[in-house]
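Undergrad: Just the structure for this:
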Amino acid sequence: MTAGAVIQRMTTAYLDLEDRFRLAGETSDKELVGLWLTQRLLLRVLPHLIRLLENQRPPATATDNDNQVSGLLQGFAQEEAKQSLAREKPIAPVAPNEIPDFKLVRTVDLSTTAGKAKIKFNLEVGEPVILLLDQRHLRQWLVIIKKYWDRAGWPSSIWPAWMKEKKADAWAELIH
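TA: Okay, the predicted model is just below:
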């Protein structure tokens, strides 16, 4: 694998037996990569990814009402990403059984480049692997992560309110 191989498509799953996330990815040169993400690592990474999304909207002023509106806008954008997952034509998953060796991700470097979140997975062994996600794809990936996160029974406090609440109910509360 070349230094900093970029994942072009991936399949994310949570494995109960392993109690961690498994990413099966395919790079632009059709190389397969397998990554393990632990809860401990994700507890550190997810807040930064969520903050990237929150910072892509104009910051709300300090009033409670503006903060509620900002949260609602984030929630609507997140719900749209969730709904678009169901509408989009599915692509073939990356088959994890074709990957001989999954590697443990030790650290993650986050940055933005050309309006995309750049997630650099630094591995226990081997060259790093990079994932570039625009805002919509980052939101979709977080939908998937949260779904498995909830099934695993991991702490829900990591997720912001705008990813937890029902948008129609929140909007009705704001205008009443």
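Undergrad: so Glu127 sits right up against Ala5, yeah?
TA: Yes - with contacts counted by Cβ atoms under 8 Å, Glu127 reaches Ala5, the gap being 6.8 Å. Every residue, glycine included, has its C-beta placed from N, CA and C.
Undergrad: Compare these two (neighbour count), which wins?
TA: Between Glu127 and Ala5, Ala5 has the larger neighbour count (other Cβ atoms under 10 Å), namely 20 against 14.
Undergrad: Ramachandran angles for the most centrally placed residue in the chain?
TA: Taking Cα atoms, centre = their mean, the centroid of the chain lies closest to Leu142, which sits 3.4 Å from it. Main-chain torsions, Leu142, degrees, to the nearest 10: phi -70, psi -30.
Undergrad: Show the model's pLDDT score for it.
TA: For Leu142, the pLDDT comes out at 95.
Undergrad: Repeat that for Ala92.
TA: Per the predicted model, pLDDT is 72 at Ala92.
Undergrad: what residues are up against Thr113?
TA: Thr113 sits next to Leu132 when contact means Cβ atoms under 8 Å, 6 or more residues apart in numbering.
Undergrad: Quick check: bridge partners of it?
TA: Beta-bridge partners for Thr113, by DSSP bridges, are Lys116.
Undergrad: What's the separation between it and Gln39?
TA: Noted for Thr113: a distance of 27 Å to Gln39, by Cβ to Cβ, to the nearest Å.
Undergrad: ok, now Ala92?
TA: 28 Å.
Undergrad: For the residue lying closest to Gly126 once chain neighbours are set aside, give me phi and psi.
TA: Counting by Cβ to Cβ, 6 or more residues apart in numbering, Lys103 is the residue found nearest to Gly126 once chain neighbours are left out, at 5.9 Å. Note on Lys103: its backbone torsions stand at phi -110, psi 140 [degrees, to the nearest 10].
Undergrad: from what I can see Lys103 touches Trp36, true?
TA: Yes - if you go by Cβ under 8 Å, Lys103 and Trp36 touch, sitting 6.9 Å apart.
Undergrad: Which residues are in contact with the residue nearest to Gly126?
TA: 33-36, 123-126.
Undergrad: Separate out the buried members of the residues you listed.
TA: 33-36, 123 (16 or more other Cβ atoms under 10 Å).
Undergrad: among those, which two are most distant?
TA: Greatest spatial distance in the buried ones among the contacts of Lys103: Val33 and Trp36, 11.3 Å, computed using Cβ to Cβ.
Undergrad: For these two, list the residues in contact with both.
TA: Residues touching both Val33 and Trp36 by Cβ under 8 Å, 6+ apart: 23, 103.
Undergrad: ok so, going back, per-residue confidence at the residue nearest to Gly126?
TA: 95.
Undergrad: List the residues that contact Thr27.
TA: Residues near Thr27 by Cβ under 8 Å, 6+ apart: 1, 5-8, 33, 129.
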